[in-house]
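In: Sequence plus the predicted model coming up.
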Amino acid sequence: MLKKRTRDRGSNEINASSMADIAFLLLIFFLVTTQIVEDKGILVKLPPWSEVPPDPLKLIPRNVFAVLVNSNNQLLVRGEPANVDELKDRAKEFIINPTQREDLSQSPTKAIISLKNDRGTNYQTYLQVYNELKAAYDELWDEECLRKYGVPYSDELPLDYRKEIKGKIPMVLSEAEPTSYGEE
Amino acid sequence: MSSHFKKKRSGAKPTISTASLPDIVFMLLFFFMVVTVLRQGEMKLKIAIPDATQLTKLEEKSLVNYIYIGRPIEKYAKVYGTKPRIQLGDAIVDGPANIPLFLEQHKVKVPESRHTLITTSLRVDGNVTMGIVQDVKVMLRKSNQLRLNYSAKKKEEAAM
């Protein structure tokens, strides 16, 4: 009886002050080992595969904006050498054709951008070119949307707004089978 | 008067209770555990993602599968050579022929109603030639996986 009383008198609590240290250790371990991977990129939709080669469409040359990237990462736009920096503005002018020039597209709905590369083309260059062409369309959508609805184009807009804009300026980017030059 | 107050204060022990500190830290810990996604497998390829400006963010991680293309890192150069290779999951594969199975293995983890939203993210080294990328693209088209993302970093505005 006497013994029990002396035991009870001592504190029964477990010392929890080191708990925080343990938790901090775990926290720091997780902070160091994990990395927040934020994946961003250029989203594209590939055309479905078909075994039969597509029919050679009869296109009016003025409606085609042909971009060629060779295995030396040089650019050929509509038959003449060009620079990546001017690609976006040229593509925009081609699609919209503000001055109704004879050699640019009849209307945005008829404009086709054709992209062709070699198997030896550098991936970075290819992506840069693709980025510029996409930027041309993105800017045109933005301008059209601002003019019509007073807001810049974004994916948060109502679906019929977006359909209207994309119906007026559809993005037609066709990629031809690459030629096999400069393969590693 | 002032001496009276002083006496009373010095009597109490001024300790802040740290009993709730572990709870707070555990909360932080759980937050990080939930938010971060552990990358499965090690990277066997050296990949420097190219940069671009027209980027879209990939929202749902569970709907994305990754295909890596790049040159093997030094450790694996002896086994796999120095030419660009494809990595699926944590293994370097022989060629694009292994892609359909890989896509199928990812597909079964996704509810059927969301199969059309599956995106393939191509994480490709900037210094790889298009040949191997083209082969992968053809394979993806053949497997009817048409939503594709060319992974890229945000380009610094000053560089433009």
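Out: Great, that's in hand. In this text, all values refer to a predicted model and were calculated from it rather than measured experimentally. Numbering: from 1, shown residues only, chains lettered A, B, ... in the order given.

In: going forward, measure contacts between C-alpha atoms and count neighbours the same way
Out: Will do.

In: Select the longest helix from the chain.
Out: No chain was given, so I picked chain A. Within chain A, and with DSSP state H defining each element, the longest helix by residue count is helix A:123-149.

In: Please refer instead to chain B.
Out: Longest helix in chain B by number of residues (criterion: DSSP H): helix B:21-35.

In: any low-confidence regions in the chain?
Out: Defaulting to chain A. Residues of chain A meeting the criterion pLDDT under 70: A:1-11, A:35-37, A:54-57, A:182-184.

In: You answered for a different chain; I wanted chain B.
Out: B:1-11, B:36-41, B:157-160.

In: let's see 80
Out: B:1-14, B:16-19, B:32-42, B:61, B:155-160 (pLDDT under 80).

In: Helices along that one, start to end?
Out: So, for chain B - with DSSP H - the helices run B:2-11, B:21-35, B:74-80, B:99-107, B:130-142.

In: Likewise for chain A?
Out: So, for chain A - with DSSP H - the helices run A:2-9, A:19-33, A:84-96, A:123-149, A:159-168.

In: picking up where we left off before, mind putting the helices of chain B in a markdown table, mean neighbour count included?
Out: Below are the helices of chain B laid out as a markdown table (neighbours: other C-alpha atoms under 10 Å in any protein chain shown):
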| stretch | mean neighbour count |
| --- | --- |
| helix B:2-11 | 9 |
| helix B:21-35 | 15 |
| helix B:74-80 | 13 |
| helix B:99-107 | 15 |
| helix B:130-142 | 20 |
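
In: just so I know, which of these lies nearest A:Ala136?
Out: Smallest distance to A:Ala136 across the helices of chain B (C-alpha to C-alpha): 22.8 Å, for helix B:130-142.

In: Let me see the residues that make contact with the closest one.
Out: When contacts are defined by C-alpha atoms under 8 Å, 6 or more residues apart in numbering or on different chains, helix B:130-142 is touched by residues A:46-49, A:117-123, A:126, A:178, A:180, A:183, B:69, B:84, B:96-97, B:99-100, B:146.

In: Over to stretch A:108-118 now: how far is its first residue from its last?
Out: Using C-alpha to C-alpha, to the nearest Å, one end of stretch A:108-118 lies 28 Å from the other.

In: and for that stretch, what are the contacting residues?
Out: Contacts for stretch A:108-118 (C-alpha under 8 Å, 6+ apart): A:63-71, A:94-96, A:105, A:126, A:167-170, A:172-182, B:130-131.

In: And those, which of them are buried?
Out: Neighbour counting by 16 or more other C-alpha atoms under 10 Å in any protein chain shown classes A:63-71, A:94-96, A:105, A:126, A:169-170, A:173, A:178-179, B:130-131 among the contacts of stretch A:108-118 as buried.

In: In a markdown table, list the helices of chain A along with distance to chain B.
Out: As requested, the helices of chain A are exported to a markdown table (distance: least, C-alpha to the nearest C-alpha, whole Å):
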| stretch | distance to chain B |
| --- | --- |
| helix A:2-9 | 22 |
| helix A:19-33 | 4 |
| helix A:84-96 | 9 |
| helix A:123-149 | 4 |
| helix A:159-168 | 16 |
